[in-house]
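Visitor: I need the structure of the sequence given here:
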Amino acid sequence: MLFRSAEYDLIGTGCQAFSPDSKHVAFGGRRGGEWRVERDGQESQAYEGIMAGSLFFSPDSQHLAYAAQRGSHWLFVVDGKPGPEYDGIGAGTFAFSPDSKRHGFLAGRGGKFVAVINGQEERPYTGLGGPGLLFSPNSQHAAFVARAGTNWLAVVDGKEGKEYEGIMARSFSFSPDSRHLAYMASRAGKYLLVVGDQESKSYDRVLFNAAGGAGLKSLQIIVAKTGNSGNQEFVRLEAEENSEGLKPKGNPKAEN
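Guide: This is a model prediction of the structure:
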């Protein structure tokens, strides 16, 4: 990986990336009023800007993506090919799938917001939230959090889940076997665990999301409820798999 780069007036802060196999490097630089991304000594076409923190190599190190500005609009460039233009692109929402064959991000245009997967737009919503675009471990599924009116819902492969007052971004995750999506949601000021289309009982607040094991059957989330004495009681929510699929357990365990 020895090469001599071109000279620039400025190297953008947060505009550098190494490939996972450490064989490639890319960075964004400004010369005059133009920005370019240089990969292994080869320059891209010129843009008005490069979004800081947007340079990503794919997991297999073969593909490079970044967000660039053209006029007053933003677009994602993948392997040197610019995509559709948008009024804005969500910072930190771009993702490659684990097998490096799919990619996507969240963007906005004309007051509407869309998830864009391999250049194809999903249904527009009034807002998008959560952790950005999330691919399953097997790369076959894509999920994101969208706003419908004043409520929020999870969208998996274009299929909408139930609406809630809120969805906790930190809890939004696929199971390691890619079969289930789980997250903590809020309704009427209470919190519940959602696994697929199954819901747990409601609780007063969520303390943290504990690490799972080999599958969602070992997913554990600590929540709190108000006991009969008025004191806070802590319980551990778990999900288990049976003949009907994965569901939250009906009898949460007490925590000290």
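Visitor: my read: Asp60 touches Ser100, true?
Guide: Yes. Here Asp60 reaches Ser100: they are 4.2 Å apart, a contact under Cβ atoms under 8 Å. The way it works is simple: take the backbone N, C-alpha and C, and place the C-beta from them, glycine included.
Visitor: List the residues that contact the residue nearest to Asp99 when sequence neighbours are not counted.
Guide: Leaving aside its sequence neighbours, Asp99 sits nearest to Ser139 (Cβ to Cβ, 6 or more residues apart in numbering; 4.1 Å). Ser139 makes contacts with 97-99, 101-102, as judged by Cβ atoms under 8 Å, 6 or more residues apart in numbering.
Visitor: What confidence value was assigned to Ser139?
Guide: Per-residue pLDDT puts Ser139 at 97.
Visitor: coming back round to it: out of the contacts of Ser139, which end up buried?
Guide: For the contacts of Ser139, a burial check counting by 16 or more other Cβ atoms under 10 Å picks out 97-98, 102.
Visitor: Next step: those residues restricted to helices.
Guide: Among the buried ones among the contacts of Ser139, DSSP state H puts none in helices.
Visitor: In the stretch 1-150 of the chain, where is pLDDT below threshold?
Guide: Scanning the stretch 1-150 of the chain for pLDDT under 70 picks out the ranges 1-3.
Visitor: middle-most residue in the protein, spatially?
Guide: Closest residue to the average C-alpha location of the chain: Gly132 at 3.0 Å, with Cα atoms, centre = their mean.
Visitor: Next up, identify which helix or strand the closest residue to Glu121 other than its chain neighbours is on.
Guide: Using Cβ to Cβ, 6+ apart and skipping residues adjacent in sequence, the residue nearest Glu121 is Val114, 4.6 Å away. Using DSSP states H and E, Val114 sits within strand 112-117.
Visitor: Right, I'll call it a day here.
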